[in-house]
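Peer 1: model this:
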Amino acid sequence: MFKRTGIGGLCLAVVIWMLPGSAQAAGLSDGNTAWILTSTALVLFMTLPGLALFYAGLVQSKNVLSVMMHCFAIACLVSVLWLAGGYSLAFAEGNAIVGGLSKAFLSGVGKDALVGDIPESVFFMFQMTFAIITPGLIVGAYPERIKFSAVLLFSGLWLILVYAPITHWVWGGGWLAKMGVMDFAGGLVVHATAGTSALLLAYMLGARKGFPSGLRPPHNPGMSMIGAAMLWVGWFGFNAGSALAADTSAGMAMLVTHISAATASLVWMVIEWVKFGRPSLIGIITGMVAGLATITPASGFVGPLGGLCIGLAGGLLCYWAVHLVKSSWKIDDSLDVFAVHGVGGITGTLLAAVFGVASLGGAGLAKGVSMGQQFGVQTIGVIATVAWSVVLTFIIVKITQAMVGLRVSDDEITQGLDITAHGESGYSL
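Peer 2: Below is the predicted model of the structure:
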């Protein structure tokens, strides 16, 4: 930590170490804490305003405020639920499936409590921003036709019953962590859960009027591009911050995140250019999000070659998945949550085992573990995450239907949810 040399530098180090409340004495790293504080702000920036603007530009003008309201209200709801028990269920000691409630309302967590060499309060906040954006991603599956009360009830139950347990499996010392699953920043925890649940919810909710051929195009691609740019910047906190340190792992995670996003954007653009004769703004920014989602689980494990190849895979597979879901399966996952986040997160989770090996520029697998063995562990993680998400999401949707209903009336859909649900209008034209 100290750059000085000689007796003078040594004496200075000893004096600082002996000061009361010294960060060195307490095991606290000022540098790592500063980076995670910054990363926390960046990840929240991804949801508010990044995701809100990205999604809002993709819907009709009469529903723009409703989508923003969904993202904002989910952020507020999840913050309170994370404090009340979500964090404890994810990260407190428990069993292989879920943590206990010993840290509900941060009980017993003092201001000097540490996780590694950062304050637990900072770790709590950093993980809270992940918990906020994950149900926020699902917003893209159901705009323009869902009750606002259903959004709140579904999101709250989903956080507790889906997100918290799977977070515990992977990051909280649960059974997948003990198996050695590799998920650096949320390919399973965030993207596979949100994507899978979004697909099932969209199917159970039903399609928008006019789906698939009679839908109006996005009302403001420029707004979506601004939101996408915020997502790109914020994602550096998402992936590089997951190192929980300002170190070489964070630096490489940031590098490969950027390369993957750029590569997938170009892939999506070229496909559209060849197929339709012109590249679209919506296409290139969707490709960017696909590249970011795909690199997320592998970002701390792979090198630049891995970032490039994973971005290429993400662009190709996610583009294919968009048309599979809407054209073949006839499911109105309106803003392609499963195709982009679900398929991307699953793809990146599996490829982490391939490009994580040292011979391909990665950080290397665990000692004595082969690529094939690690790929098997990753596959188990994917299957378990998808299965849990499907079963619990089905139950949550049924509970929501029974308690508050799910879909608004046809008249409300025609008028738009901005007016009927919130009494406001995004544009006075």
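Peer 1: mind listing the strands for the protein?
Peer 2: All strands of the chain, identified by DSSP state E, fall at 114-115, 118-119.
Peer 1: Just say which of the ones you listed is most tucked in.
Peer 2: strand 118-119 (a mean of 22; mean count of other Cβ atoms under 10 Å). The way it works is simple: take the backbone N, C-alpha and C, and place the C-beta from them, glycine included.
Peer 1: quick one: contacts for Asp333?
Peer 2: Asp333 makes contacts with 140-141, 198-199, 202, 325-326, 339, as judged by Cβ atoms under 8 Å, 6 or more residues apart in numbering.
Peer 1: Please spell out which residues along the longest helix seen in the chain are buried.
Peer 2: As assigned by DSSP state H, the longest helix anywhere in the chain is helix 371-403. Neighbour-count burial for helix 371-403, with 16 or more other Cβ atoms under 10 Å as criterion, is recorded at 374, 377-378, 381-382, 384-386, 388-389, 392-393, 396-397, 400-401.
Peer 1: same for that helix, what does it pack against?
Peer 2: The elements that helix 371-403 packs onto, with contact taken as 3 or more Cβ pairs under 8 Å, 6 or more residues apart in numbering; DSSP states H and E, are helix 148-158, helix 164-171, helix 175-179, helix 193-205, helix 343-355.
Peer 1: Just the buried residues of the third one, please?
Peer 2: What it means is helix 175-179. 175-177.
Peer 1: Likewise for stretch 221-228?
Peer 2: Going by neighbour count (16+ other Cβ under 10 Å), the buried part of stretch 221-228 is 221, 223-228.
Peer 1: Next: stretch 351-366.
Peer 2: Those would be 351-357, 361-363, 365, for stretch 351-366 by 16+ other Cβ under 10 Å.
Peer 1: gap between the two ends of that stretch?
Peer 2: In stretch 351-366, first residue to last residue: 16 Å (Cα to Cα, to the nearest Å).
Peer 1: ok now that stretch, how far from the chain's centre?
Peer 2: 23 Å (Cα atoms, centre = their mean, to the nearest Å).
Peer 1: same question for that stretch, mean pLDDT?
Peer 2: Here stretch 351-366 scores 96 as its mean pLDDT.
Peer 1: Over to stretch 112-121?
Peer 2: Here the average pLDDT along stretch 112-121 is 96.
Peer 1: try stretch 56-67
Peer 2: 97.
Peer 1: what's that stretch in contact with?
Peer 2: Here stretch 56-67 has contacts from 52, 55, 68, 139-140, 143-144, 148, 216, 218-227, 282, 334-335, 415-419, 421-422, 424-427, using Cβ under 8 Å, 6+ apart.
Peer 1: that older thread, which one, of the helices and strands packed on helix 371-403, ends up nearest to Tyr87?
Peer 2: helix 164-171 (8.2 Å; Cβ to Cβ).
Peer 1: packing partners for that closest one?
Peer 2: helix 87-91, helix 120-138, helix 175-179, helix 371-403.
Peer 1: Any chance of the ones you listed in JSON lines with distance to Gly187 as columns?
Peer 2: Below are the helices and strands packed on helix 164-171 laid out as JSON lines (distance: least, Cβ to Cβ, whole Å):
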{"stretch": "helix 87-91", "distance to Gly187": "17"}
{"stretch": "helix 120-138", "distance to Gly187": "12"}
{"stretch": "helix 175-179", "distance to Gly187": "12"}
{"stretch": "helix 371-403", "distance to Gly187": "9"}
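Peer 1: Compare these and give me the one nearest Val233.
Peer 2: Per Cβ to Cβ, nearest to Val233 of those: helix 120-138, 14.0 Å.
Peer 1: show me where the stretch 201-350 of the chain has helices.
Peer 2: 221-240, 248-276, 281-295, 304-323, 337, 343-355 (DSSP state H, counting those that start in this stretch).
Peer 1: For Val190, find the nearest of those helices.
Peer 2: Among the helices of the stretch 201-350 of the chain, the nearest to Val190 by Cβ to Cβ is helix 343-355 (6.9 Å).
Peer 1: Run through the neighbouring helices and strands of that closest one.
Peer 2: Checking 3+ Cβ pairs under 8 Å, 6+ apart, helix 343-355 ends up next to helix 193-205, helix 281-295, helix 304-323, helix 371-403.
Peer 1: how about a cut-off of 7 Å?
Peer 2: helix 281-295, helix 304-323, helix 371-403 (3 or more Cβ pairs under 7 Å, 6 or more residues apart in numbering; DSSP states H and E).
Peer 1: and of those helices, who's closest to Leu37?
Peer 2: Taking Cβ to Cβ, helix 281-295 is the member of the helices and strands packed on helix 343-355 nearest to Leu37, at 21.9 Å.
Peer 1: What would the closest one look like as PDB? C-alpha coordinates only.
Peer 2: Output of helix 281-295 as PDB, limited to C-alpha atoms (Å, rounded to 0.1, in the frame of the first residue of the first chain):
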ATOM      1  CA  LEU A 281     -30.600   2.000 -34.100                       C
ATOM      2  CA  ILE A 282     -32.900  -0.300 -32.100                       C
ATOM      3  CA  GLY A 283     -31.000  -3.200 -33.500                       C
ATOM      4  CA  ILE A 284     -27.500  -2.000 -32.600                       C
ATOM      5  CA  ILE A 285     -28.400  -1.100 -29.100                       C
ATOM      6  CA  THR A 286     -30.200  -4.400 -28.600                       C
ATOM      7  CA  GLY A 287     -27.100  -6.100 -29.700                       C
ATOM      8  CA  MET A 288     -25.100  -4.100 -27.100                       C
ATOM      9  CA  VAL A 289     -27.400  -5.300 -24.300                       C
ATOM     10  CA  ALA A 290     -27.100  -8.900 -25.500                       C
ATOM     11  CA  GLY A 291     -23.300  -8.600 -25.400                       C
ATOM     12  CA  LEU A 292     -23.400  -7.200 -21.900                       C
ATOM     13  CA  ALA A 293     -25.700  -9.800 -20.600                       C
ATOM     14  CA  THR A 294     -23.700 -12.600 -22.200                       C
ATOM     15  CA  ILE A 295     -20.300 -11.500 -20.800                       C
END
